[in-house]
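Novice: all I have is the shape, not the residue letters:
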DNA sequence: CGCGACCGGTAGCATAGGCTACATTCCAGT
DNA sequence: ACTGGAATGTAGCCTATGCTACCGGTCGCG
């Protein structure tokens, strides 16, 4: 049970217009969403490294993601728990089918967003940077619209 | 000193193409960025509530942000430390000039992104949802491009 | 075929956001 | 005035991401 937002009223001092705040609750999901974004970043990066180097290693991931290898190890442990990656001590990191699917979706979204931003006239550097931030927040509907726009 | 990403090579088993990973390091900023996003959400929401109700209260913020009042109280303490808000126990929350500036910027970006998505043909509901996620990741350059697009 | 260097793992700490349960304050309406 | 219940605040716990230091493993090369 998500717990209904409560009635809100009972104005103490001012509050001229109580007005129910049903426009709320779009923010939640916040924390879980953040963890999911990180999962996508890892999946995408692992797939890239495998393509580029033949295998993904902790150190390479750390370099690509801009964090310490310690953070990578710990986060990989979480992703392994979630069934996205396979980790064997001192060996390469691989993706499970589920992880590969996530990586594929992430890569596709990333490319679409990037092309879209460039098509909008954004400089390559800024487009790259913004795509990184934006890609995780694009719904299926918006993604389709972006694809249409790029083609057109 | 950000610490140079190390040489990366010294391939153990496979690694056909070592290839330096200078394309990395765009991911960092991650954690700090997340905290900054939340600050913007709070600033924007506080400004909205003051406009709408005449004052911003903890409970109203909690409802709007979809979190418990406890989380709001603690986050407000951080924002107060950072000089964005003024909190007096059991009283309304107000914005400092710095907080008002942040709220203004956030609101503007939010509106631009929202109009932009709608102009792209996204349904209002999806546009609202995506704007929430996207707005924090739009650079000044991309924002300008979106404004141009909306006007055109 | 041993060993040093680099890679990967562990310990331990910090910050941040979330929560429930419980304590406190405040004010509207008797 | 009092007081009950809503609004706030506090205590204490959890997870997740970061980090630095330090320890243990592997393997390429001499």
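Specialist: Cool, the structure landed. The model shown is predicted, which means the values in this text are computed figures rather than measured ones. Numbering: from 1, shown residues only, chains lettered A, B, ... in the order given.

Novice: any stretches of chain A with poor pLDDT?
Specialist: Applying pLDDT under 70 to chain A flags residues A:1-26, A:28-30.

Novice: which residues of it fall in helices?
Specialist: Remark: helices assigned in chain A by DSSP state H are A:30-53, A:58-65, A:69-81, A:97-119, A:124-134, A:140-151.

Novice: deepest of the ones you listed, which one?
Specialist: Sort the helices of chain A by mean neighbour count, taking mean count of other Cβ atoms under 10 Å in any protein chain shown, and helix A:58-65 sits at the top with a mean of 22. Every C-beta, even on glycine, is put in place using the N, C-alpha and C of the backbone.

Novice: could you give the angle of it to helix B:30-53?
Specialist: With axes from the mean of the first three to the mean of the last three Cα atoms, to 10 degrees defining the directions, helix A:58-65 sits at 40 degrees from helix B:30-53.

Novice: does any bit of helix A:58-65 sit next to DNA strand C?
Specialist: Yes: Helix A:58-65 reaches DNA strand C (Cβ under 7 Å from any atom of the strand) through A:58, A:59, A:60.

Novice: now those as TSV including distance to residue B:67?
Specialist: Shown next, in TSV, are the residues of helix A:58-65 next to DNA strand C (distance: Cβ to Cβ, whole Å):
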residue	distance to residue B:67
A:58	34
A:59	37
A:60	37
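
Novice: list just the nearest of those residues to residue B:73.
Specialist: The nearest member of the residues of helix A:58-65 next to DNA strand C to residue B:73, counting by Cβ to Cβ, is residue A:58 at 38.8 Å.

Novice: return the residues in contact with residue A:135.
Specialist: By Cβ atoms under 8 Å, 6 or more residues apart in numbering or on different chains, the contact set of residue A:135 is A:40, A:106, A:109, A:110, A:113.

Novice: report the two of these separated the most.
Specialist: A:40 and A:113 (12.5 Å).

Novice: next one: the nearest residue to residue A:82 once chain neighbours are set aside from residue A:95, what distance?
Specialist: Leaving aside its chain neighbours, residue A:82 sits nearest to residue A:39 (7.1 Å; criterion: Cβ to Cβ, 6 or more residues apart in numbering or on different chains). Distance of residue A:39 to residue A:95, computed by Cβ to Cβ, to the nearest Å: 11 Å.

Novice: what residues are shared contacts of these two?
Specialist: Residues touching both residue A:39 and residue A:95 (Cβ under 8 Å, 6+ apart): residue A:84.

Novice: which ones are touching the closest residue to residue A:84 other than its chain neighbours?
Specialist: Leaving aside its chain neighbours, residue A:84 sits nearest to residue A:99 (3.8 Å; criterion: Cβ to Cβ, 6+ apart). By Cβ under 8 Å, 6+ apart, the contact list for residue A:99 reads A:43, A:46, A:79, A:83, A:84, A:85.

Novice: follow-up on the earlier one: for the residues of helix A:58-65 next to DNA strand C, which one is nearest residue B:69?
Specialist: Comparing these against residue B:69 with Cβ to Cβ places residue A:58 closest, at 40.7 Å.

Novice: the closest one: what's it in contact with?
Specialist: A:69, A:72, A:73, A:76, A:93.

Novice: in contact with the spatially most central residue of chain A, which residues?
Specialist: With distances taken as Cα atoms, centre = their mean, chain A has residue A:37 as the residue nearest its mean C-alpha position (2.5 Å). Residue A:37 is in contact with residue A:136, counting by Cβ under 8 Å, 6+ apart.

Novice: list the contacts for the residue nearest to residue A:56 when sequence neighbours are not counted?
Specialist: The shortest distance from residue A:56 to any non-neighbouring residue, by Cβ to Cβ, 6+ apart, is to residue A:49 (3.9 Å). Neighbouring residues of residue A:49 by Cβ under 8 Å, 6+ apart: A:55, A:56, A:57, A:60, A:61, A:64.
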